[in-house]
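Enquirer: sequence unknown, structure follows:
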DNA sequence: GCAGGAATTTGATAAATGTCAAATAAAATT
DNA sequence: AATTTTATTTGACATTTATCAAATTCCTGC
């Protein structure tokens, strides 16, 4: 999961003006500092918490046949959790790894689900987030379907210019669905 | 958009036991027969209706640089509309084309959104559908990211064995992100 | 059943990307 | 600063997939 949409941020900001909501939320949500290399959740465990990135960078990946495959990079204002694991109580297919020291707000789904029922605006935010995530995924499928490796790399750079400074090439390559060597050659040619 | 998940179907079936909901819904939802080749919605127009496929087959595609690119095949029990266009009132990025004579339930978002507010169970179904769709998309990204053309073809066949009987190879090929010729060769080799 | 058009297959070749191995370069550790 | 480890680049070659062209097969309307 990953989300980043202006309207949602505004709606949330407005919602937190409500003191009752604010108090109820921060009674159960906890802001924590995670160090580079720390793992928020490991592949195979059930995802029981929702992670809101306040600042920093998180990498989503899974291990398959010994290979480490990156499925997303998540930045400030993104939300990290597994929809599948959290909603169906199944093992989480991915691991969430903190790439650089990050401030992350952690809230248990047990609490969040209760708050969603209690405060309809949070339910609304949830739904809007799902919609935004689906739209983001649609774009990603499109890009995988019809763009060459070079184009995909350029799109990534355009969207997240910082990523190149913060993440390993191996991770970026697997995110793009290409090998490390191919990515290196693409970079060598046209920056 | 596309969705197909057992729990949602069951929840809906239960919800429609409620006579008030049933009546309110079928006052505005209309079941129509569409003939092969008909278009539900054209790329560029705002998506104002939600299409529930009762029976038949719908292809989702868009035109880009003169090329026709398929992004989904939708079957009975799938729901067809553009999340992006419907929620943000933006031009729909895709066209929905009926591939074979189909029975499709049409409901205007104007009505559906009102019903979602009126009957919380419908709001619940909406959210679950979004979740299911996001999970479906995640699988699709994964498949595009790490599977060869042959593997993707085999996955498609396994999931939707009928598709090969109903859709053009050109459409299937663009859905898989490969050329018509490559798909033909894959088929020639290992069924 | 036949003609004409559309869909699919096949062939030859080019381009993109992957694989394996080695060489540098950069970063972390002592 | 020197050493060790890790990350990235480069090279040679294999594989996959695309492209263009032609041949064949399959539909469709007559």
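Expert: Received, thanks. Here the structure is a predicted model, which is why all the values come from computation and not from measurement. Numbering: from 1, shown residues only, chains lettered A, B, ... in the order given.

Enquirer: Give me the contact list for the helix or strand containing residue A:32.
Expert: If you go by DSSP states H and E, residue A:32 is part of strand A:30-34. With contacts defined as Cβ atoms under 8 Å, 6 or more residues apart in numbering or on different chains, strand A:30-34 is touched by A:40, A:54, A:56, A:98, A:101, A:102, A:103, A:104, A:105, A:106, A:107. In short, each C-beta sits where N, CA and C put it, glycine included.

Enquirer: Tell me the helices and strands packed up against the longest helix seen in chain A.
Expert: Taking DSSP state H as the criterion, chain A has its longest helix at helix A:120-146. Applying 3 or more Cβ pairs under 8 Å, 6 or more residues apart in numbering or on different chains; DSSP states H and E, we find helix A:120-146 packed against helix A:6-15, helix A:109-118, helix A:149-159, strand B:67-74, helix B:83-88, helix B:120-146.

Enquirer: Any idea how far the longest strand along chain A is from the middle of the chain?
Expert: Among the segments of chain A that qualify as a strand by DSSP state E, the longest is strand A:49-64. Taking Cα atoms, centre = their mean, to the nearest Å, the mean C-alpha location of strand A:49-64 is offset from the chain mean by 5 Å.

Enquirer: hmm, back to that, neighbouring strands - and their directions - for the strand holding residue A:32?
Expert: strand A:95-108 (antiparallel) (DSSP bridges).

Enquirer: Measure how far the one helix or strand in chain A whose mean pLDDT sits lowest is from the centre of its chain, please.
Expert: Every helix and strand of chain A was ranked by mean pLDDT, DSSP states H and E. The lowest is helix A:163-166, at a mean of 82. Relative to the centre of its chain, helix A:163-166 is centred 16 Å away, using Cα atoms, centre = their mean.

Enquirer: and for it, what are the contacting residues?
Expert: A:57, A:73, A:99, A:100, A:156, A:157, A:172.

Enquirer: tell me, how many neighbours does the fourth one end up with?
Expert: Applying the criterion other Cβ atoms under 10 Å in any protein chain shown, we find 16 residues in the vicinity of residue A:100.

Enquirer: mind checking how far it is from residue A:51?
Expert: According to Cβ to Cβ, to the nearest Å, residue A:100 and residue A:51 sit 15 Å apart.

Enquirer: again with the last one
Expert: Computed with Cβ to Cβ, the distance linking residue A:172 and residue A:51 is 22 Å.

Enquirer: Kindly reformat the helices and strands packed on helix A:120-146 as JSON lines containing mean neighbour count.
Expert: Putting the helices and strands packed on helix A:120-146 into JSON lines (neighbours: other Cβ atoms under 10 Å in any protein chain shown) gives the following:
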{"stretch": "helix A:6-15", "mean neighbour count": "13"}
{"stretch": "helix A:109-118", "mean neighbour count": "15"}
{"stretch": "helix A:149-159", "mean neighbour count": "15"}
{"stretch": "strand B:67-74", "mean neighbour count": "19"}
{"stretch": "helix B:83-88", "mean neighbour count": "20"}
{"stretch": "helix B:120-146", "mean neighbour count": "19"}
